[in-house]
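A.B. asks: got a sequence here, can you build the structure:
(3 chains)
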Amino acid sequence: MSCDDNKEARAKDRQKRRSLPIVTAEAPRPSTATAARAAPRYWRSIEEREAAKAIALGAVNEFPPGADELAEGSVSRRGFMQLLGASTALATVGAACRKPNEKIVPFVRRPEELTPGNPLHFATAYALEGFASGLLATSHEGRPTKIEGNPDHPETLGGTTAIEQALVLGLYDDDRAKVLRRGGESTAWRVFLEDTKARAERLEANKGAGLRFLVEPSASPLLGDLRRRILARFPMAKFVSYSSTTSDGAAEGPRLAFGQPLVARHDLDKAKVILSLDADFLGEGPELPRATRAFAARRAPGPEMNRLYVVEPALTGTGAMADHRLRMRGTDIPSFAAALVAELATDTPALAPLAGLPKSATFDQRWIRALAHDLQRSRGSSVVIAGRRQPAAVHALAAAINAALGNVGSTVTYLLSPFDGSSGPKALGALVEDIAAGGVDTLVITASNPVYTAPVDFKLGQLLQRVPTTIYHGVYEDETAAVCGTMIPATHPLETWGDARALDGTVSIVQPLITPLWGAFAETQVLAAFLDEGDVSAHELVRRYWFGQRPGDQTAAFDAAWEKWLADGVLPGTAAQPVTVPAVDGQALATVIGTQLAALTAQADGLELGFVNDQRLHDGRFANNAWLQELPHSITKHTWDNAVMISEATAKAQGFETGDVVALQYRDRSVEGPILIVPGHADDAVTVALGHGREGAGESIAKGVGFNAGVIRTSDAPWYDRGLKLARTGDEHKFAITQTQWTMSPDGRASPPPAVDATLAEVLNEGSKFHEELEERRGPLPTIHEPVDYSHVQYKWGMSIDLNKCTGCNACVVACQAENNIPVVGKENVRKGRHMQWIRIDRYFSGPIADPEVINQPLGCVQCETAPCEYVCPVNATVHSDEGLNEMAYNRCIGTRYCSNNCPYKVRRFNFLDYTSEYTAARMMGTNPDVTVRARGVMEKCTYCVQRIERKRIDTRIAGTTIKDGELQTACQQGCPARAIEFGSLNDPGAKVTRMHADARRYDLLHEIGTRPRTAYLARVRNINPDLAKVD
Amino acid sequence: MSQGAHIPHEDTGFVPERYVLAKFATSDALLEATRKIREAGQGELDTHTPYPVHGLEKALGLGRPLIPTIVLGGAIAGAFIAYSMIYFMNVLDWPINIGNRPPHSPPANIPITFELAVLLAGSSSFFGFFTLARLPKPYHPVFQSESFRQASVDGFFLSIKIREGESPDAAAALAEAEGATHVEIIEELER
Amino acid sequence: MSAAPSSANVSRDPLEPTVLIEGAQTDQSLNDSLLNHVWRGAGRGWWMLFGCALSALGLLLIGITYTLYKGIGAWGNNIPVGWAFGIINFVWWIGIGHAGTLISAILLLLQQKWRTSINRFAEAMTLFAVICALLFPLLHTGRPWFAAYWLMPYPSVQGIWPQFKSPLTWDVFAVSTYFTISLLFWYLGLVPDLASLRDSSKSRTKRIVYGIFALGWRGSGRHWSEYKWSYLLLAGLSTPLVLSVHTIVSFDFAVSVIPGWHTTIFPPYFVAGAVFSGFAMVATWMIPARQFLGLKHVVTIKHLENMCKVMLATGMMVTYGYIMEHFIAWYSGNPYEQGQFFKTRWHGPMQGIFLTMVFCNCVVPQIFWFKKARTHVGVIWFASILINVGMWCERFNIVVTSLHRDFLPSSWQNYAPTWVDISLFIGTIGLFSTLFLLFLKFVPAVAITEVKELRHEMEHEAHHASVGGGAGAHG
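C.D. replies: Numbers count the residues shown, from 1 in each chain, chains lettered A, B, ... in the order given. The predicted structure is shown next:
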């Protein structure tokens, strides 16, 4: 259907649904002014309406497009802030809830046009580290409220990450930059464009020498095109892409091996044996959703089950899933790789030239031999993955091994890197030199907060002040904004048009779910401004570009294609062809790597300092996202913090305890942070997470949380170096940890382990003790009253969670938080034990604290059939539904907390304080209208997403059908990239969940109490290498 | 009420009750006198003692007290109300699946049934007594006697309500004869 | 038991002490001496105590206001420790209340004459303790403004009824019944004394005020005959009531599944504990009271000694309860129970509280085996205070220690009270003291009527007893 129909349809609808603040398509492009003007159409009280008029006028005077009064500073800064505050508040009420004026197309599987109360789902994409993952965004009356993965997207496959799940909260963050300002004064986009036009002409004169762009590494075709056109206009200008998360090694390694910069893409569903060299592929990076899915898919016990070896310093999500894990300092891993190659070389001639590489340490030969044999035994179906934190040499060796074992083309394919050259410290260094030499006169920064993320020795913050003109395009008034002349508020990914390319090359069109809440601008527009196209909308830019990509296409035909792209979320046939790589020249490689390894192995002694991206805040760009701040770390379960992670042995040796604040003295720099002893951490090494200790002026949530490890991070050692010293400061720090007990029986209790694991051998052997034990942990128990018979109801809801698939990635936790309007409680309340997440991931260690085995056990309400919580409630506020749900009547609850006391699983959450009344108008828009926002003093808990059940029930009743298996997903299930969670009706014999409940690995948590839980668990299986069996 | 104002006091036909109030030294003396005077059949007797004196009920010729019966009634009513209330609310009116427990589970009903029985029994005992005793009654002719203030301290009194038209003197004399330490005649002021 | 056995009291109940009223007393002298503390103006001591009590009461008001304003988050509670100080204090106060009813009701039925001089005192304590206890069930809920009436079975617009399988619903009925009956019982016993207050009051206003409360009591023989029954029946009803109340309170825990709560021994062990703490509290207050109110001649050392014996007995019952808990945990083979009792209680973070409890409740009462201790006022007073502390710790162990480590180690959390918790606790002590001091100021602390009656009876017995009958009634 065309735009016009769409307009008419809305115009018609508008009569019916005044309440739905949807503005006509003719409305001018949004700015705070229009926002303010639009506001009074939807007032909550007469007073507000009058006030709105008044302030709207003021606001209009503030930001008429291209008005100049303000330039003379007619309004005092303070008064300006007041008006700004008021008008933006109104903006959120009024303008905010508008669908964009341009036509955006719902995800095809959903109803075509918006009906009040029924959410729409739109396919879009989000690129975190330059590569896109395809998403589906749920929109209620034009307000995006929930993110899901796009099942049709090759890199996402319907899964999501915790960070993607939390995007919604970021969109409605009131701390976002709201004003386009020059210095301390707000200005208008039009003014900025005129300035830029003038500047561009001036720069053109000297071919743009002195013009620099500092951007995020991005595979977006449109951005690439803009870049090319800008360089065509300013041949002397330079684009520098920098991200603190990408390392030069990853790009450099394949070049060493194959002669050109390539990106490795791993197909783990083909991999039987996986070796991770410090690669947390299940915990971070653009491959996360697909890798997790594929890895989990091959965890089914049987001959084809994969085996994961992990070599890493600090325990990661990947390490927690390992069948065999070797804790090792990051600086030793290159030597380990060399040693492995040497071992492999004995049976693999192709690697022979590499056999004699230098090593700095000696390793457990037995381990290496077993590993090597395992890799060789499954040639073509094994894979070695090198981590981004490892130097080029390791990546090169990994490439060499994969090539030698014939894995290239099956488990690993190489693609041309969409990035031009490095996007690590090396690239930034060049720019820094330019600036220092005074060669930069105009610097446009669209990279995310480089002043904070750049290596400290670059002193970027100070240098930027030397640049005559600095233009920063960012989401927050952060550290970078503080030192930049011009600040352009950046659009949130859900607010803007654009395109993005996934790791495999597939292109997605990024379509917005909502017009910018506070009049922000897209990166494409900022770049286009230098082509005198700044007044072209982001939508027009991307549409034009792709129209250009389809020569000979008639507009109509293109429109059709365009709509299909938007609806599907992917552009067909855009996937890149794998590069056929040449054979590795062993000799040449050996010489290159040899020297590098020699350099690496000649290391200073002392503790190893290792940096890692915070698994929640990434490089710090999500530090203002409370959902992520309060998300328990997948291993340590600490929230609202980063820590000096250290092994118990090392801590003992140095005389530290968890909570001791120490000074990390590295070279001539030092930073203070609290010690956190982590099981399974390598000895003589310390791991600190980046992204904390933010000081952005505009970021109220991020401010002062954790410490900034970046201040001792240098460009020559961005990830690992030795020579760290720890000195106690005498201060104590109290972590906010959600799971204080680490092991399953902390005081030596004899209670049956809550989370069960077994070796593959035990699982495959029918008669083994494992099966006997599980037999006792499921099935009916003797009871004095007849259990209610649910076999006749239409649906008997049940869930199953496969511990063998769960990587503890936390996606489900945030998904649940977004779906169910779960509030955050803040650091102090987490300390007190009042965190609210309905589903928590219990993480249990077993075995020695130095080398523990880990099990992740996600636990929401298990919906006991004989629920202990129900019969103790004095007011019938929690009762059973006829389909077996344990339901909460929030408005009936008086908050005795008796139900929680009597819950053996302690999955109930209580609103100890008023967590929601301070929601801003913007934040409110992010809430799911299908779920109550709970009041103070009310108990709450998981209900198997009853709102989704009921919505689906309504849909199917209208359609006259019944809910088929798989049609209905809970939020946690849908968010899970590993597909570890199944949900459905246990009365449907064909349903996945029913099959899981019948699985031989099934057991019920706390079965012996007789609660008859509806959530069943499938035991974790460890695929032990027989050669190493005795070691474990 | 309204026309009451027009009626002159002397026309109300108000005949004041008259009492003979006799004080005795010891409870035994009181006991003795009471028995005698009752046999003599002098008006309606009542005794006033600081604490219950054993045997006075018999001396006054009082019947079995009613309180126990009243209390029993209260207890039964309480138990019945409680159980039927629970049964109606949780079984008949809106039975809900509460953690797989049967809607009607007698053991769970015992506590409240018992408590309500005790509550109603206890209340009926308390209020039953005050109803039977026609208390509170702030004014009573005997209070006119200044010496009666000893009745709650250590005085043992006998009050004889004189029948209408009879003279109190006989009763007074009898009381004297029975060894009352102090006798006075009280005329009711109002009613 | 009896100190000076004699032909006179051979027939007596062995618990019966000899010296219940010291000195040669007449009704008049008893009346004067027992009312003395009401008539004479408040001394400086009283005002000082009252000042302290009021300031503590102030804390209570602050605590309540802040809790209502901020929410339960103002307390230290969390998940899993959903209940803490609120419920501990509730159970503690209710327990203390029990001594009163027990003394006045059960001892009345057992015709223990020695009760008469302390029952009024104890009953008053019951009332005030229950008032303190009643604060918490309401205050500890997340939304007291709803809890106040949603717990009541009335046809609400929601159409939902209370859930009668919940021990909390039972509590509502049990505690409110207990309060009502205690109040009626106390007042009924008070009426004749109020009459004698009225009659012996000097000023007109006092006379009027007491006259109003005396309800026109004139000691009529017709009234006495019904009164005795009414009083006796109330006593008879209170006896099973007092046992049921703490039984039902114990159901709050016993009915649940939590290791440390889920045990059948709770009802008897709670009742024993209640009497234990109750008598301790009576002793704590009675000892100074008899000193300063000049009641030594009616509240004799014999009374205190008897109370010590009761404390010793109930202390042993409580100890037996603790032992049983451990035994059952071991014998049942339930790993969670075993973890709770053998690991958490003895070695967990709350270890200190547990050991304090064991010392105060199990060790301290043992000194009452010795007559020296039983008859030494200072020792009794100190011991009684320790016992109150111990009983509070017991409730802490049951409520918090059991909750903070239950089934899944992943959900375990530690607990720490906030200033609000503490001020609420001190506040209730303030409320209790305030009420008590007012009671001592305006109402006879001893049931005068009953004491007179007792004196009367003993006089008779003395007459019928042989001349040498050393029945101390004559002293």
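A.B. asks: mind showing which ranges of the chain have poor pLDDT?
C.D. replies: Reading this off chain A. Within chain A, the ranges that satisfy pLDDT under 70 run A:1-116, A:421, A:603, A:1030-1032.
A.B. asks: meant chain B actually
C.D. replies: For chain B, counting by pLDDT under 70, the residues that fall below are B:1-13, B:191.
A.B. asks: going along the chain, name the strands of it.
C.D. replies: Listed in chain order, the strands of chain B (DSSP state E) span B:18-24, B:44-48, B:156-162, B:182-187.
A.B. asks: quick one: which of those is nearest residue C:340?
C.D. replies: strand B:44-48 (62.6 Å; Cβ to Cβ). Where you see a C-beta, it was placed from the backbone N, CA and C, and this is true even at glycine.
A.B. asks: just confirm residue A:664 is within a strand.
C.D. replies: Yes: Residue A:664 forms part of a strand when assessed by DSSP: H, G, I helix; E, B strand; the rest coil.
A.B. asks: the nearest residue to residue C:169 once chain neighbours are set aside sits in which helix or strand?
C.D. replies: Excluding the flanking residues, the one nearest residue C:169 by Cβ to Cβ, 6 or more residues apart in numbering or on different chains is residue A:874, at 4.4 Å. Under the criterion DSSP states H and E, no helix or strand holds residue A:874.
A.B. asks: and if you look at the one 10 residues further on?
C.D. replies: Using DSSP H and E, residue A:884 sits in no helix or strand.
A.B. asks: do you know how far it is from residue A:992?
C.D. replies: Separation of residue A:884 from residue A:992 (Cβ to Cβ, to the nearest Å) stands at 18 Å.
A.B. asks: compare these two (neighbour count), which wins?
C.D. replies: residue A:884 (25 against 15; other Cβ atoms under 10 Å in any protein chain shown).
A.B. asks: of the strands of chain B, which is nearest chain A?
C.D. replies: Closest of those to chain A is strand B:44-48, at 50.2 Å (criterion: Cβ to the nearest Cβ).
A.B. asks: for the closest one, packing partners?
C.D. replies: Applying 3 or more Cβ pairs under 8 Å, 6 or more residues apart in numbering or on different chains; DSSP states H and E, one finds that strand B:44-48 contacts helix B:27-40, helix B:56-60, strand B:156-162, helix C:221-254.
A.B. asks: list the buried ones in it?
C.D. replies: B:45-48 (16 or more other Cβ atoms under 10 Å in any protein chain shown).
A.B. asks: before we move on, the earlier item: which one of the helices and strands packed on strand B:44-48 lies closest to residue A:161?
C.D. replies: Nearest to residue A:161, of all the helices and strands packed on strand B:44-48, is helix C:221-254, at 43.8 Å by Cβ to Cβ.
A.B. asks: mind checking which helix or strand the residue of chain C found nearest chain A is in?
C.D. replies: Nearest residue of chain C to chain A: residue C:142, at 1.9 Å (Cβ to the nearest Cβ). Using DSSP H and E, residue C:142 sits within no helix or strand.
A.B. asks: skipping its backbone neighbours, what lies nearest it in space?
C.D. replies: residue A:895 (1.9 Å).
A.B. asks: what sits against that neighbour?
C.D. replies: Contacts for residue A:895 (Cβ atoms under 8 Å, 6 or more residues apart in numbering or on different chains) come out as A:910-911, A:937-939, C:72, C:141-143, C:147.
A.B. asks: hmm, 10 Å instead?
C.D. replies: When contacts are counted by Cβ atoms under 10 Å, 6 or more residues apart in numbering or on different chains, residue A:895 is found next to A:877, A:910-912, A:935-939, C:71-72, C:82, C:140-144, C:146-147.
A.B. asks: again with residue A:709
C.D. replies: Neighbour list for residue A:709: A:609, A:611-612, A:614, A:642-644, A:664, A:666, A:671, A:673, A:687-693 [criterion: Cβ under 10 Å, 6+ apart].
A.B. asks: kindly report the same for residue C:421.
C.D. replies: So residue C:421 contacts C:63, C:67, C:74-77, C:84-86, C:88-89 (Cβ under 10 Å, 6+ apart).
A.B. asks: let's see which of these end up in helices.
C.D. replies: C:63, C:67, C:85-86, C:88-89 (DSSP state H).
A.B. asks: what's the spacing between the most centrally placed residue in chain A and residue A:719?
C.D. replies: The centre of chain A sits closest to residue A:163, judged by Cα atoms, centre = their mean, with a distance of 2.6 Å. Distance, residue A:163 to residue A:719, using Cβ to Cβ: 20 Å.
A.B. asks: same deal with residue C:327?
C.D. replies: Distance from residue C:327 to residue A:719, by Cβ to Cβ: 59 Å.
A.B. asks: what is the neighbour count of residue 184?
C.D. replies: No chain was given, so I picked chain A. Neighbour count of residue A:184, defined by other Cβ under 10 Å: 8.
A.B. asks: chain B was what I was after
C.D. replies: 18.
A.B. asks: pretty sure residue B:17 is touching residue B:185, no?
C.D. replies: No: using Cβ atoms under 10 Å, residue B:17 makes no contact with residue B:185, being 11.3 Å away.
A.B. asks: any shared contact partners between the two?
C.D. replies: Shared contacts of residue B:17 and residue B:185 (Cβ under 10 Å, 6+ apart): residue B:162.
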